[in-house]
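Colleague: Structure, please.
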Amino acid sequence: MAITPADSMTQIWPLFLKKTGLKESDFQTVAGDGQTKLNAVINGQADLFTRLRDGPVDEDQGRHRQGRLSESKFADYGINMVSSGIVANTDYVKANADLVRRFMAATTKAVEAAEKEPKAAAQSILDANPKGRQDRLR
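Modeller: Prediction:
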């Protein structure tokens, strides 16, 4: 199992083990950053790794170098997570209630617009960061 210590996916791993009845002792770990995890799998030093769905690992690259990647989602095991969220200091929220209310209204409007026009929303992300892929962003 290739991991990045303390990353978000590694924090979820114990919950996955509990849901599946597996144990930490069922796995040996190789630790490193995202590229190290990918390289460990490509080079046969690890059999699996966790990642964010739209994280830095390019699936086509993995197929080309490794043969074929197989993907399982945490949701397939009853682990449903919020992908992104907004966190604010409670004192700030109290002191800036109107600003927070307007920010949340604008954020809600943006999410609703993205749901209605996912291709346009994905394109706006690509305009800001051309390294993404339209199909994955949608």
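
Colleague: Strands of this structure, residue ranges please.
Modeller: 2-3, 30-31 (DSSP state E).

Colleague: quick one: low-confidence parts of this structure?
Modeller: Filtered on pLDDT under 70, the chain yields the residue ranges 53-69.

Colleague: Now do the same contact list for the residue most central in space within it.
Modeller: Computing the C-alpha centroid of the chain and ranking residues by CA atoms, centre = their mean puts residue 52 first, at 2.4 Å. The contact partners of residue 52, by CB atoms under 8 Å, 6 or more residues apart in numbering, come to 8, 9. Heads up, the C-betas are built off the backbone N, CA and C, glycines and all.

Colleague: sorry, back to before: could you work out which of the strands of the chain reaches nearest to residue 118?
Modeller: For the strands of the chain, the distance to residue 118 is smallest for strand 2-3, at 31.6 Å, taking CB to CB.

Colleague: Can you tell me what sits against the closest one?
Modeller: Under the contact criterion CB under 8 Å, 6+ apart, strand 2-3 has outside partners 9-10, 13, 29-32, 36-38, 40-41, 45-46, 48-50.

Colleague: In this protein, where's the longest helix?
Modeller: In the chain, ranked by residue count with DSSP state H as the criterion, the top helix is helix 97-116.

Colleague: Please identify the buried residues of that helix?
Modeller: residue 114 (16 or more other CB atoms under 10 Å).

Colleague: From residue 6, how far out is the residue of the chain positioned farthest from its centre?
Modeller: With distances taken as CA atoms, centre = their mean, the residue sitting farthest from the centre of the chain turns out to be residue 95, at 32.4 Å. Taking CB to CB, to the nearest Å as the criterion, residue 95 is separated from residue 6 by 32 Å.
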